[in-house]
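> using only what follows, build the 3D model:
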Amino acid sequence: MKVTMKDGTVLNAIAVHSDPKLIKGMSRDVLTFLFDMTSEEGLAELAHTFREENCTEIVLGEDLQDENGNQIEEAYSWVNYTIFLSVGIGAIADVIIGSDDMSGCAWVRMAQKSADELRIEELEERVRQLEGGES
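Numbers count the residues shown, from 1 in each chain. As a prediction, this is how the structure comes out:
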């Protein structure tokens, strides 16, 4: 699966899973991205790639073929999955995939901001602008 971030960075994921979780006092949709990776440097790069401003829109695409054998791309878009929860190798992937051999699988977990949180951010930005602060 091809994961395209807001800045155009494209990553190849093994799988992407969605689960509702209680995060910061509210039920949120949480995306778990699984990657074929084992290095600590790779984890640092994933953490950098999945920073807040780069996750305002994430597009997951798959290259498929239609009934005539023509290449098509099916894409799904997720917006505002900007709350970084965790990054790691192994354990979570084992549970999600249902395999005992996911030690070489890295994962990143992102939660979606609520509409209320986004509205508060907009209002805070407007107040800064009205006060003559930087935007």
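
> please identify the helix or strand for Arg31.
You called it Arg, but residue 31 is Leu. Element membership of Leu31, judged by DSSP states H and E, is strand 26-36.

> try Met110
Using DSSP H and E, Met110 sits in strand 105-111.

> what's that strand packed up against?
Secondary-structure packing of strand 105-111 (3 or more Cβ pairs under 8 Å, 6 or more residues apart in numbering; DSSP states H and E): strand 26-36, helix 40-49, strand 83-89, helix 91-97. From N, CA and C alone the C-beta is placed, and that goes for glycine too.

> now do that strand: distance to the chain's middle.
Relative to its chain's centre, strand 105-111 lies at 7 Å (Cα atoms, centre = their mean, to the nearest Å).

> contacting residues around that strand?
14, 21, 23-24, 28-38, 42-43, 46-47, 50, 55, 58, 81-90, 92-93, 96-97 (Cβ atoms under 8 Å, 6 or more residues apart in numbering).
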